[in-house]
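**Student:** structure for this input, please:
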Amino acid sequence: MLLTKWGEDLNRQAPLSEYPRPQFVRDSYISLNGEWSLAFTEGEELPSAYEYKITVPFSPEAPLSGVNRVLKHSEYLVYEKRFTLPEGFNRGRVLLHFGAVDQIAKVLLGGKLIATHHGGYTPFTVELTDYLTDGENTLNVIVRDLCEDNEYSRGKQKTKRGGIWYSPQSGIWQSVWLESVPKEYIHSVRITPDFDHEQVHFDFDGADGVQIAVYDGDTLLADTTDVTVKLPDFKPWSPESPFLYNVTFRYGKDTVRSYFGMRKFSTGTDANGVPRLFLNNKPYFHNGLLDQGYYPDGFLTPPSNAAMEFDVKTVKACGFNMLRKHIKIEPLLWYHYCDVNGILVWQDMINGGGEYGLEVSALPFIGINLDDSNYKTFRRTSTEARELYYRELKEMVDTLYNCPCIALWVPFNEGWGQFDSAAAYELLKKWDPTRTVDSASGWHDRGVTDVISKHIYFTPIVVKQGDKPWLLTEFGGLSTRVKGHTFNNKMFGYKIYGSKQSLTAAYEKLFRKTIIPQIPKGLAATVYTQVTDVEDELNGLMTYDRKVMKIDKDVLQQINADVKL
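**Tutor:** Just a heads-up that it's a prediction; the model follows:
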């Protein structure tokens with residue numbers, strides 16, 4: 001078993017126990033992570049006995065769960081957790097939060113069904129108030145996960161893993177926690193920086209007349225009930241200076257703390273008429289890495305929050321300014337680390353649909369661009385799954401809207417379950433007009449998008465300037481094996497090298513000879529594959545266990561110093 005250093009030191013009684021939602025903080029918090037009972041069943045009935053003890057929030061398939069069993073398609077997962085609320089905890093309402101449960105979750109308290117959630121990657125909240133009893137309460141979660149067999153969003157999971165597809169997993173895989181709020185409380189807030197007008201706007205759900213206090217460190221800048229707050233001579237947020245304002249919201253007996261960054265994302269042309277991505281009204285080159293957020297011991301679940309922070313800080317220390325969060329929605333703490341450290345984020349939506357074929361593996365390479373309004377083309381024939389895609393897309397935007405780091409949305413990647421990408425673009429622009437959208441990353445672009453998006457691994461990289469910023473949204477994938485730090489004996493990579501030295505030389509040549517010279521010609525952003533190895537893929541700048549840098553930090557810093565406008 002390949003373990004990270006955090007997995008080696010896992011506290012099974014209180015894993016990932018830090019407060020999980022830094023963008024919307026209350027003092028009320030009880031983590032339910034830790035030991036739960038688990039049964040694999042053939043139906044949805046609660047079992048008379050539980051065969052396993054599982055460490056939540058790790059999926060039963062992940063080594064750190066302590067279960068190490070793969071859910072069969074005919075089976076359900078049934079979880080049980082008993083808890084007693086501390087005296088005085090309930091201030092009016094008690095809310096139960098799930099970071100993510102893959103794929104369909106039914107939540108019961110005291111044997112009564114109180115909520116159902118479809119979608120394996122987005123958070124959801126259940127109110128427990130009316131179902132709680134004095135003393136011990138019994139919480140059950142019943143999970144159904146069909147992986148690729150129902151066209152639901154599944155990410156990079158596949159029942160038969162291998163190559164670019166990874167181990168399947170199921171059930172609870174992000175933090176579970178309780179909080180209590182007054183009967184009248186702030187349900188949510190949308191924070192929208194208005195860079196051009198030197199102000200920030202707040203939209204509240206569930207509350208009117210909220211008292212808003214904005215701080216620069218400990219200095220109070222505004223204390224008002226106006227939902228638009230002027231910030232003359234504000235400090236802008238950028239990767240070079242990731243300044244964050246703190247804000248406190250008070251509504252009756254409810255108090256919430258949050259933060260925001262004053263920044264603006266747009267597109268335009270530079271002084272030479274070249275289309276560019278813009279940050280804060282200036283052309284800005286996004287120099288980033290593909291980041292899949294997998295771990296050998298936790299799979300989709302980080303072995304600790306420190307592991308997520310380590311990845312972000314390492315990327316920053318190497319001189320990159322962006323991460324493309326690939327086919328995964330992370331715990332909210334990951335985005336917080338990007339906010340604080342100054343890393344731009346391109347956020348992918350999770351892919352779904354049926355079994356992929358030539359439409360993604362061959363036809364794009366001979367220049368065939370397919371119509372995604374025919375649902376059979378990309379195996380997205382289920383009406384239910386398409387409707388769920390839009391619900392999850394909205395949930396993703398709502399969940400991440402307040403993160404200053406999010407610069408760009410990617411609704412579809414390489415045609416994986418793609419459908420009606422023009423409609424997805426219009427919805428994203430309606431829900432969030434503040435970010436750029438890459439409608440169809442890689443290929444099968446239907447023309448309704450903010451950028452030109454290309455994945456190039458095998459053919460020469462040649463920038464062909466058009467009327468939109470030209471982004472190299474995946475490339476590289478240079479691989480080498482580091483003995484003792486691999487998931488198995490298999491090896492997948494686009495170009496394979498026998499040593500750290502030869503890999504470093506090839507990486508430097510790629511950037512010095514191909515990438516950097518084309519920036520003046522119109523190259524506006526790059527996404528190198530990738531941050532770490534993932535299972536068979538050995539093309540990371542770090543090994544899968546994060547214990548070895550395959551290319552030294554100082555080398556990457558020197559190269560990245562020149563990857564800019």
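**Student:** let me know the outermost residue of this protein.
**Tutor:** residue 134 (37.6 Å; CA atoms, centre = their mean).
**Student:** ok, and the closest non-adjacent residue to residue 106?
**Tutor:** Leaving aside its sequence neighbours, residue 106 sits nearest to residue 142 (CB to CB, 6 or more residues apart in numbering; 4.4 Å). Where you see a C-beta, it was placed from the backbone N, CA and C, and this is true even at glycine.
**Student:** could you look up the SS state of the one you found?
**Tutor:** With DSSP: H, G, I helix; E, B strand; the rest coil as the basis, residue 142 sits in strand.
**Student:** residues near it, how many?
**Tutor:** Around residue 142 sit 22 other residues, with neighbours defined as other CB atoms under 10 Å.
**Student:** need the pLDDT of it.
**Tutor:** With respect to pLDDT, residue 142 has a value of 98.
**Student:** that one and residue 132, how far apart?
**Tutor:** Distance of residue 142 to residue 132, given as CB to CB, to the nearest Å: 19 Å.
**Student:** just checking, what's the longest helix in the protein?
**Tutor:** Looking across the chain with DSSP state H, the single longest helix is helix 383-400.
**Student:** elements contacting it?
**Tutor:** The contact analysis (3 or more CB pairs under 8 Å, 6 or more residues apart in numbering; DSSP states H and E) places helix 383-400 against helix 421-431.
**Student:** so for the helix it packs on, mean pLDDT?
**Tutor:** Here helix 421-431 scores 98 as its mean pLDDT.
**Student:** what bridges to the residue nearest to residue 106?
**Tutor:** Beta bridges link residue 142 to residue 78, residue 106, judged by DSSP bridges.
**Student:** grab the nearest non-local neighbour of the residue nearest the centre of the chain.
**Tutor:** Centre of the chain computed as the mean C-alpha position; nearest residue by CA atoms, centre = their mean is residue 329, 2.6 Å away. Spatial nearest neighbour of residue 329, chain neighbours left out: residue 121 (4.6 Å); criterion: CB to CB, 6+ apart.
**Student:** give the helix, strand or coil label for residue 345.
**Tutor:** Secondary structure for residue 345, judged by three-state DSSP, is strand.
**Student:** returning to that earlier point: can you get me a residue count around the residue nearest to residue 329?
**Tutor:** By other CB under 10 Å, neighbour count at residue 121 equals 26.
**Student:** cool, and residue 434?
**Tutor:** Neighbour count of residue 434, defined by other CB under 10 Å: 16.
**Student:** that one sits in which helix or strand?
**Tutor:** If you go by DSSP states H and E, residue 434 is not part of any helix or strand.
**Student:** and the helices in the protein, which stretches?
**Tutor:** 5-8, 305-317, 332-341, 358-361, 383-400, 421-431, 500-509, 516-518, 553-560.
**Student:** give me the contacts around the first one.
**Tutor:** Same thing as helix 5-8. Taking contacts as CB atoms under 8 Å, 6 or more residues apart in numbering, the residues outside helix 5-8 that touch it are 63-64, 295-298, 302-304, 306-307, 545-547.
**Student:** tell me the one among the residues you listed nearest to residue 23.
**Tutor:** residue 302 (17.8 Å; CB to CB).
**Student:** any idea how many residues pack against the closest one?
**Tutor:** Neighbours around residue 302, by other CB under 10 Å: 30.
**Student:** ok, now residue 32?
**Tutor:** Residues contacting residue 32 under the criterion other CB under 10 Å number 18.
**Student:** what's the answer for residue 357, then?
**Tutor:** Neighbourhood size, residue 357 [other CB under 10 Å]: 12.
**Student:** now do the contacts for it.
**Tutor:** So residue 357 contacts residue 379 (CB under 8 Å, 6+ apart).
**Student:** and the nearest residue to residue 132 once chain neighbours are set aside, how close does it get to residue 185?
**Tutor:** Of all residues not flanking residue 132 in the chain, residue 94 sits nearest, at 6.1 Å (CB to CB, 6+ apart). As for residue 94, its distance to residue 185 is 12 Å (criterion: CB to CB).
**Student:** go on, residue 176?
**Tutor:** Distance of residue 176 to residue 185, computed by CB to CB: 20 Å.
**Student:** so these two - more neighbours on which side?
**Tutor:** residue 176 (25 against 21).
**Student:** residue contacts, that one?
**Tutor:** 31, 32, 33, 56, 57, 81, 96, 97, 98, 99.
**Student:** got it, and residue 477?
**Tutor:** Counting by CB under 8 Å, 6+ apart, residue 477 makes contact with 457, 493, 494, 495, 529, 530, 537, 539.
**Student:** the fourth one - how many residues pack around it?
**Tutor:** Applying the criterion other CB under 10 Å, we find 15 residues in the vicinity of residue 495.
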